[in-house]
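J.: Need coordinates for the following:
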Amino acid sequence: MLSDADERWPLALFDDCFPGRMGMSDCDGIFERKGKFLLLEFKRPGARVPTAHKIMLTSFARLPGCSALLVFCEAPCAPTEDLEDVSAFDAKACTWQTFGADAKTQEGTLGALKDSIREWYAWAVS
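T.: Numbering: from 1, shown residues only. Predicted coordinates for the structure are as follows:
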């Protein structure tokens, strides 16, 4: 059986729709609640983030009701593994950056990142 990673569309198929070296970007997660959107992008610690990707995250976060988080953290498990006890990963160290008017970089645990996402949710439903 193929994993989700094996079944991804190759976005390069659409490169000829745009001029020059422009192409599509994917996002690792997006969540909507009451017309407000949270976009999540995950990278391994120390990974290079292309300038165009940073511009995309910044531009998205400037849209009304839209927020973006860029997270640097080791994945808690392989994409095909089941997470039986997610709380076991809450102590994992992460760094995350928010984009937009309240742009900032934070460091903490995966649990602290989850708290930040819970704060976003509280804002979205308020």
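J.: got any ranges where the protein has weak pLDDT?
T.: 1-6, 76-88 (pLDDT under 70).
J.: And the strands in it?
T.: Counting by DSSP state E, the chain has strands at residues 29-33, 36-43, 66-72, 93-98, 104-109.
J.: so which of the ones you listed is the most packed in?
T.: strand 66-72 (a mean of 21; mean count of other CB atoms under 10 Å). Every C-beta, even on glycine, is put in place using the N, C-alpha and C of the backbone.
J.: what angle sits between that one and strand 104-109?
T.: 50 degrees (axes from the mean of the first three to the mean of the last three CA atoms, to 10 degrees).
J.: For strand 66-72, name the packing helices and strands.
T.: Here strand 66-72 touches strand 36-43, helix 51-62, strand 93-98, helix 110-125, going by 3 or more CB pairs under 8 Å, 6 or more residues apart in numbering; DSSP states H and E.
J.: tell me the angle it makes with helix 110-125.
T.: Angle, strand 66-72 to helix 110-125, by the same axes, to 10 degrees: 180 degrees.
J.: C-alpha coordinates for strand 66-72, CSV please?
T.: Output in CSV follows, covering the C-alpha atoms of strand 66-72 (Å, rounded to 0.1, in the frame of the first residue of the first chain):
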residue,chain,number,x,y,z
CYS,A,66,-5.1,34.3,7.8
SER,A,67,-2.1,33.2,9.9
ALA,A,68,1.0,31.2,9.1
LEU,A,69,3.4,29.3,11.2
LEU,A,70,6.8,28.0,10.0
VAL,A,71,7.9,25.3,12.4
PHE,A,72,11.4,23.8,12.7
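J.: coming back round to it: can you redo the strands of the chain as a markdown table with distance to P50?
T.: Formatted as a markdown table, the strands of the chain follow (distance: least, CB to CB, whole Å):
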| stretch | distance to P50 |
| --- | --- |
| strand 29-33 | 19 |
| strand 36-43 | 11 |
| strand 66-72 | 12 |
| strand 93-98 | 15 |
| strand 104-109 | 18 |
